[in-house]
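Participant: compute the structure for the input listed below.
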Amino acid sequence: MTRGLLLDSHVLLWLASTPPILPARIVDQLRVRSRPLFVSVVGVAELCIKSALGKLALPIPSREDTAAAFEDLLVNLGIQPLPLTLSHAARLRDLPRHHGDPFDRLMIAQAMEEDLIFVTHDRAFAVYEGLPVLWV
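Facilitator: Predicted coordinates for the structure are as follows:
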């Protein structure tokens, strides 16, 4: 099986937009059927917090059951949720503190612990040695 991809929060938003706001080369990479796609529950939490603060419109229908709406979105896009585990959290202990965004740091730890390629546009991730990145 091909190595899986962990999508950054903004990549999920861009993929969920109609049409997707992603370069064709990235969409082609995401469509490789043997390559599992993941979105961290940490990234979903980040999106929900930004939405609650009025800083972001979520790419889901407005309804009371936000979790079910996200589940539907992920199923429709062929993406699996990646829960936060104790091993992910423990990885933070040894992760260099190149920047302070806790959501980013948690997702970096998840990608490294699960041996996933991180898909992002955020150049702050370039300094993390050992983190494979697919740049958008």
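Participant: what is the neighbour count of V41?
Facilitator: V41 has 17 neighbours, counted by other C-beta atoms under 10 Å. C-beta: built from backbone N, CA, C; applies to glycine.
Participant: tell me the contacts of it?
Facilitator: Going by C-beta atoms under 8 Å, 6 or more residues apart in numbering, V41 touches 81-84.
Participant: now rank these by neighbours and give me the top one.
Facilitator: If you count neighbours using other C-beta under 10 Å, the busiest of those is L82, which has 24 neighbours.
Participant: which phi and psi does that one have?
Facilitator: Here is the backbone geometry of L82 (degrees, to the nearest 10): phi -110, psi 110.
Participant: before we move on, what about L6?
Facilitator: Main-chain dihedrals, L6, degrees, to the nearest 10: phi -110, psi 120.
Participant: residues in contact with the helix or strand harbouring F38?
Facilitator: Taking DSSP states H and E as the criterion, the element that holds F38 is strand 37-40. With C-beta under 8 Å, 6+ apart as the contact definition, strand 37-40 has outside contacts at 4-7, 9, 12, 30, 74, 77-82, 84, 106-107, 110, 114, 116.
Participant: check what pLDDT the closest residue to M107 other than its chain neighbours gets.
Facilitator: Among residues not flanking M107 along the chain, S40 sits closest, at 4.9 Å (C-beta to C-beta, 6 or more residues apart in numbering). For S40, the model assigns a pLDDT of 98.
Participant: ditto for A124
Facilitator: At A124, the model reports a pLDDT of 88.
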